[in-house]
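Colleague: predicted model follows, preceded by the sequence.
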Amino acid sequence: MTLLDDQPWRAEAACRDYPTDLFFATTGHASIAAARDARAVCRRCPVREECLAYAMSDPDIYGIWGGLTRLQRVKLKRSQRSAAA
């Protein structure tokens, strides 16, 4: 059992029927295209908020989650901390 097994929202995720490498491409032009395509899937996902909240809870999670890349999530978290201060 993995940590994600405890996330019931995953059963409703739009990405469940797509290959995982779409959301975890790492280098070159292929990763740019994959990230664009992955974010398009996320935009129509009914559990996007839950997915993003899950990814925001762990800064070491890579890939596209909730429509954001890891770097975008780091920046979002930083801006949320600044706004709260």
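Modeller: Perfect, I can see it now. Computed from a predicted model, the values in this text were never measured in an experiment.
Colleague: where do the helices of the chain begin and end?
Modeller: For the chain, the helices defined by DSSP state H occupy 28-43, 48-56, 70-84.
Colleague: elements contacting the last one?
Modeller: Right, the one you point to is helix 70-84. helix 48-56 (3 or more Cβ pairs under 8 Å, 6 or more residues apart in numbering; DSSP states H and E). (C-beta placed from N, C-alpha, C; glycine too.)
Colleague: residue ranges in the chain under the pLDDT threshold?
Modeller: Residue ranges of the chain with pLDDT under 70: 1-5, 27-29.
Colleague: okay, which residue is most central for it?
Modeller: Nearest residue to the geometric centre of the chain (Cα atoms, centre = their mean): W65, 0.5 Å.
Colleague: pretty sure it sits against D58.
Modeller: No. Contact criterion Cβ atoms under 8 Å: W65 and D58 do not qualify, at 9.7 Å.
Colleague: the closest residue to the residue nearest to the centre of the chain other than its chain neighbours and R36, how far apart?
Modeller: Among residues not flanking W65 along the chain, A55 sits closest, at 3.4 Å (Cβ to Cβ, 6 or more residues apart in numbering). Distance of A55 to R36, given as Cβ to Cβ, to the nearest Å: 18 Å.
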